[in-house]
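Participant: give me a 3D structure for the following:
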Amino acid sequence: MSRLELARPRDISTLFRDALGVYLRNAGAFLALSAAIVLPVHLIVEGVGMEQLTAGFDESPGAAEAIIPTLVSFLVVAPLINAICIHALQSVSEGERPRARRTLAAGLEDFAPLFFAVVLAGIGIALGLVLLIVPGVYLAVRWYFVPQTVVVDGARGTAALVQSGRLTQGVWWRTFGLILLANLAAFLPGVLLITPFDEIADSSDRAIWSLVGTMTAEMITAPFVALFSTLLYYDLRARKRDAMVG
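Facilitator: A predicted model of the protein is given here:
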């Protein structure tokens, strides 16, 4: 397997090409790793805790039904998948294929410090959104690379937020645009995956089918976003390094 150089600048097309290329060449491993996180977390929280395994389908769920899955994805699922994909990319950079068991174990070991840093970022972003919305969006971009600073750089707590912020300094708009493009690229297939399951849930009045659709979409799309984000993180580091040398 050919090596993938991580520590170099990448333009938009190269970021998408490399993220998608790594994903597709190792699709089985990434889907298995993603499923190992997405399935148990959503089944426990929404399937059992919110009774979606047995409840009828609700086309207009309440605030709690909408907020809780979002928080779970932000605080647990996304950080873990990011950590796993970071370790997987490091294996690819060494010319190896990601090994599911080893990569999953490494990602889980990072969860405690990662969770704490993500919670701190989440609190700040939430306060910014409540106050004026724009500060929340600004902080969301500045602190977008908290998982990478924790896993790659070993930063902890507020240091992870500071380090992520330094990466985006002077390139906030470029970073915002690339993050938006990557998430749109994942959102559209996600909608296509979820829609038929929601239709089944509606016709059968079984919420479980909507849950299956949500889990399927997240399992498939989240690894791509995590891979893209990590390659963008390395891109920003390389650009900062080159600017200092120049």
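Participant: please report how far E46 lies from L120.
Facilitator: For E46, the distance to L120 (C-beta to C-beta, to the nearest Å) stands at 25 Å. C-beta here means a position set from N, CA and C on the backbone, and glycine is covered the same way.
Participant: D202 now?
Facilitator: 39 Å.
Participant: ok, P9 touching R241?
Facilitator: No - shown here, P9 and R241 do not form a contact pair, counting by C-beta atoms under 8 Å, at 9.3 Å.
Participant: with adjacent residues omitted, what lies nearest to the residue nearest the centre of the chain?
Facilitator: Nearest to the geometric centre of the chain sits A78, at 3.9 Å (C-alpha atoms, centre = their mean). Setting aside the residues directly before and after it, A78 is nearest to A222 in space (C-beta to C-beta, 6 or more residues apart in numbering), at 6.7 Å.
Participant: in the helix or strand encompassing M244, which of the residues would be classed as buried?
Facilitator: Taking DSSP states H and E as the definition, M244 sits inside helix 207-245. By neighbour count on 16 or more other C-beta atoms under 10 Å, the buried set for helix 207-245 is 207-239.
Participant: what does stretch 119-138 give?
Facilitator: 120-122, 124-125, 128, 136, 138.
Participant: list of residues touching stretch 223-242?
Facilitator: Stretch 223-242 is contacted from outside by 6-10, 15-16, 18-20, 22-23, 30-31, 33-34, 78, 81-82, 84-86, 88-89, 144-145, 147-148, 152, 166-168, 171, 175, 178-179, 182-183, 185-186, using C-beta atoms under 8 Å, 6 or more residues apart in numbering.
Participant: in helices only, show me the residues you listed.
Facilitator: 15-16, 18-20, 22-23, 30-31, 33-34, 78, 81-82, 84-86, 88-89, 147-148, 166-168, 175, 178-179, 182-183, 185-186 (DSSP state H).
Participant: against A27, how distant is the nearest residue to F30 once chain neighbours are set aside?
Facilitator: In this structure, F30 finds its nearest non-sequential neighbour in P223, 4.2 Å apart by C-beta to C-beta, 6+ apart. Going from P223 to A27 by C-beta to C-beta gives 9 Å.
Participant: do A112 as well
Facilitator: Distance from A112 to A27, by C-beta to C-beta: 29 Å.
Participant: the helix or strand of the chain with the lowest mean pLDDT to helix 207-245, inter-axis angle?
Facilitator: Between all helices and strands in the chain, the lowest mean by mean pLDDT, DSSP states H and E belongs to helix 63-72, at a mean of 81. Computed with axes from the mean of the first three to the mean of the last three C-alpha atoms, to 10 degrees, the direction of helix 63-72 lies at 40 degrees from that of helix 207-245.
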